[in-house]
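A.B. asks: Show me the folded form of this:
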Amino acid sequence: MKKISTIVLAAAFMFAGCQDWLDVNTNPNYLATTDYSLLLPSAELRLADKVGYDIALYGHFWSQYVNQNASTNQYYTVSTFDVTNSTFNSVWSYFYASILPGVREVKEEAVKDPNGLEYLFQAKILEAYSFYMLTSLFDSVAYSEGYLAESFEPHFNSGEEMQDSLISILESVRAMDFTAVSASADMHASAATDMIFDHDADAWLQFANTLYLKILMRDFDANKAKIQTLLAEDNFLIEDACFDHFSDEADKSNPFYESDRRQLNTALNIRACSDILNVLDESDERIEYYYENSHGASAFGTPYGVTVKPAVSWRLNLEPTTPVYFSTVDEAEFLKAECYARLNDAANAETAYNAGLAAAFARVECDPGTLITNEYKFVAGTTESMVEQIINQKWASNIKALAIESWFDLSRTGYPTRGTTITDFSGVLGSGKYPYRFINSKTSADYNVNSPMAVEVYEKMWWQK
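C.D. replies: Prediction:
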């Protein structure tokens, strides 16, 4: 497990986030500038906090992994899609007020430092990931104005425009002098100021490539040549991109565990959804990694949307030291498998699919036994049949790791299929309507005359099926 000093953690909290492009007044009691190397772990920590709780919570419910406990109601509106433009204020504001200012300052200061190339490299990748997450959730975001250029009433970039911008950022990362980046990383190897990869430049590049492939796949046909180039390079994650600096102490544990298990007045809320058993074999050891029978439940769970009492349903197995994942080795392999399937290359699709399954089991320290070669055996067929197999197993591997990515995949591909593999449930939205986006923040709408009109949660984005 990666380590980082308590001093650096304290500094990360101390110096994070007061940027002049957001401040209305300047407080002389606060430091105006700081060492940009301390802002990098701060940004990583804050990103882990938001991705690891709010976004993970919606991912677990909206990917249909879990149900709400019948005798409590903390997540009832989440589970039934009963959301408004106030629901997502925290996610939106936290990115713009806490995460992105630090990322931008790292970029601006690192470019001035002859030894700062590695920090520039990392900051650009974190910038791409942050805006990938924002545009995947909200579609239109404040990027050209409000981030690249200071503006208190920014116009927004559309989702299609953000697709081009994200590709541009990651292509600029890939075009950097990697020998020089690596040399810069070697200079900082003992600084303990990178909380994701410990200044491993190769791992950062692999993360960038994995993110780049994922973004390109949102318009597969238009980006086919670039995708084939990436596949030929085959330089994707071989180590999970995650924040794993948690301990079993109050305010220091995994943010999902901290909020649901320590801070709520009940620890019984999030119950198992039986939809997962439509993909996973009952002998799959991961089931007991994902869920726990903590109250002697008489059944595993219920179909999505059916609230259930703890006595008849297992609970989501949250743990205080579980990492917050931004991407995983198994995600990278499943992405490759899907690409090969769409290129009608069944042999390579099967190889990557098997590698994805093996990595998914290894990540949670479970033994697949003969599942990969038997119950989960890849079957060559039509493009759609192969993609469905791949996405279904990717969905079943993302619990407690990349739940939000499963929701993105469900919206992008239509798999797992509603009404067959998973429950067809529309909640309060009405028959045939499902959540495809977060609604534009009320905070943004109230204070920015150029903020776009709120779009209903069931309206699809440009890249969704």
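A.B. asks: show me where this protein has strands.
C.D. replies: Ranges of strands within the chain are 66-68, 241-243, 270-272, 291-292, 315-316, 324-327, based on DSSP state E.
A.B. asks: Export those strands as JSON lines, with columns for mean neighbour count.
C.D. replies: No exception for glycine: its C-beta is placed from N, CA and C like everyone else's. Formatted as JSON lines, the strands of the chain follow (neighbours: other Cβ atoms under 10 Å):
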{"stretch": "strand 66-68", "mean neighbour count": "26"}
{"stretch": "strand 241-243", "mean neighbour count": "23"}
{"stretch": "strand 270-272", "mean neighbour count": "26"}
{"stretch": "strand 291-292", "mean neighbour count": "20"}
{"stretch": "strand 315-316", "mean neighbour count": "22"}
{"stretch": "strand 324-327", "mean neighbour count": "25"}
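A.B. asks: Between the ones you listed, which one is closest to Ala128.
C.D. replies: strand 324-327 (11.2 Å; Cβ to Cβ).
A.B. asks: residues in contact with the closest one?
C.D. replies: Strand 324-327 is touched from outside by 47-49, 51-52, 56, 129, 196, 207, 210-211, 237, 240-244, 254-255, 401-402, with contacts defined as Cβ atoms under 8 Å, 6 or more residues apart in numbering.
A.B. asks: Let's see that with 6 Å instead.
C.D. replies: Strand 324-327 is contacted from outside by Ala48, Val51, Gly52, Thr210, Leu237, Ala241, Cys242, Phe243, Ala401, Leu402, using Cβ atoms under 6 Å, 6 or more residues apart in numbering.
A.B. asks: Can you tell me which of the residues you listed is closest to Ser140?
C.D. replies: Among those, and counting by Cβ to Cβ, the member closest to Ser140 is Val51, at 20.3 Å.
A.B. asks: and that closest one, how many neighbours?
C.D. replies: Look at Val51: counted by other Cβ atoms under 10 Å, it has 24 neighbours.
A.B. asks: beta partners for the nearest residue to it once chain neighbours are set aside?
C.D. replies: In this structure, Val51 finds its nearest non-sequential neighbour in Val324, 5.8 Å apart by Cβ to Cβ, 6 or more residues apart in numbering. Beta-bridge partners recorded for Val324 (DSSP bridges): Phe243.
A.B. asks: any idea how far Val324 is from Leu100?
C.D. replies: 18 Å (Cβ to Cβ, to the nearest Å).
A.B. asks: what do you get for Asn265?
C.D. replies: On the measure of Cβ to Cβ, Asn265 and Leu100 end up 33 Å apart.
A.B. asks: more neighbours, the two?
C.D. replies: Neighbour comparison, Asn265 and Leu100: the larger count goes to Leu100, with 27 against 7 (by other Cβ under 10 Å).
A.B. asks: got a list of what the closest residue to Thr302 other than its chain neighbours touches?
C.D. replies: Using Cβ to Cβ, 6+ apart and skipping residues adjacent in sequence, the residue nearest Thr302 is Val308, 4.6 Å away. Neighbour list for Val308: Asn67, Ala70, Arg271, Thr302 [criterion: Cβ under 6 Å, 6+ apart].
A.B. asks: Minimum pLDDT in these, which residue is that?
C.D. replies: Among the contacts of Val308, Ala70 carries the weakest pLDDT, at 90.
A.B. asks: Need the per-residue pLDDT for the closest residue to that residue other than its chain neighbours.
C.D. replies: Among residues not flanking Ala70 along the chain, Thr307 sits closest, at 3.9 Å (Cβ to Cβ, 6+ apart). For Thr307, the pLDDT comes out at 87.
A.B. asks: Okay, Thr307 and Glu333: tell me how far apart.
C.D. replies: Going from Thr307 to Glu333 by Cβ to Cβ gives 36 Å.
A.B. asks: Between the two, which has more neighbouring residues?
C.D. replies: More neighbours surround Glu333 than the other of Thr307 and Glu333, with 27 against 17 (other Cβ under 10 Å).
A.B. asks: confidence score at the closest residue to that one other than its chain neighbours?
C.D. replies: Nearest residue to Glu333, sequence neighbours excluded (Cβ to Cβ, 6+ apart): Gly356, at 3.4 Å. In this model, Gly356 is scored at 98, pLDDT.
A.B. asks: show me what contacts Gly356?
C.D. replies: Asp330, Glu333, Phe334, Ala337.
A.B. asks: Scan those residues and report the most crowded one.
C.D. replies: Ala337 (29 neighbours).
A.B. asks: Wait, that one touches Ala352, no?
C.D. replies: Yes. Look at Ala337 against Ala352 with Cβ atoms under 6 Å: they come within range, at 3.7 Å.
A.B. asks: all helices for the stretch 351-465 of the chain, in order.
C.D. replies: 383-397, 403-413, 442-447 (DSSP state H, counting those that start in this stretch).
A.B. asks: between those helices, which gets nearest to Trp62?
C.D. replies: helix 403-413 (4.7 Å).
A.B. asks: Just give me the neighbour total for the residue lying closest to Met386 once chain neighbours are set aside.
C.D. replies: The shortest distance from Met386 to any non-neighbouring residue, by Cβ to Cβ, 6+ apart, is to Ala341 (3.8 Å). Per other Cβ under 10 Å, the neighbour tally for Ala341 reads 28.
A.B. asks: Turn the contacts of Gly356 into CSV, columns for distance to Leu318 and pLDDT.
C.D. replies: Below are the contacts of Gly356 laid out as CSV (distance: Cβ to Cβ, whole Å; pLDDT from 0 to 100):
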residue, distance to Leu318, pLDDT
Asp330, 20, 98
Glu333, 26, 98
Phe334, 24, 99
Ala337, 29, 98
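A.B. asks: what's the spacing between the closest residue to Lys394 other than its chain neighbours and Ala341?
C.D. replies: Excluding the flanking residues, the one nearest Lys394 by Cβ to Cβ, 6+ apart is Phe334, at 4.1 Å. Note on Phe334: its distance to Ala341, by Cβ to Cβ, is 10 Å.
A.B. asks: Could you do His199 as well?
C.D. replies: 36 Å.
A.B. asks: Can you list the helices and strands that the helix ranked longest in the chain packs against?
C.D. replies: For the chain, the longest helix by residue count, based on DSSP state H, is helix 117-138. Counting contacts by 3 or more Cβ pairs under 6 Å, 6 or more residues apart in numbering; DSSP states H and E, helix 117-138 is packed against helix 100-110, helix 159-175, helix 178-187, helix 201-216.
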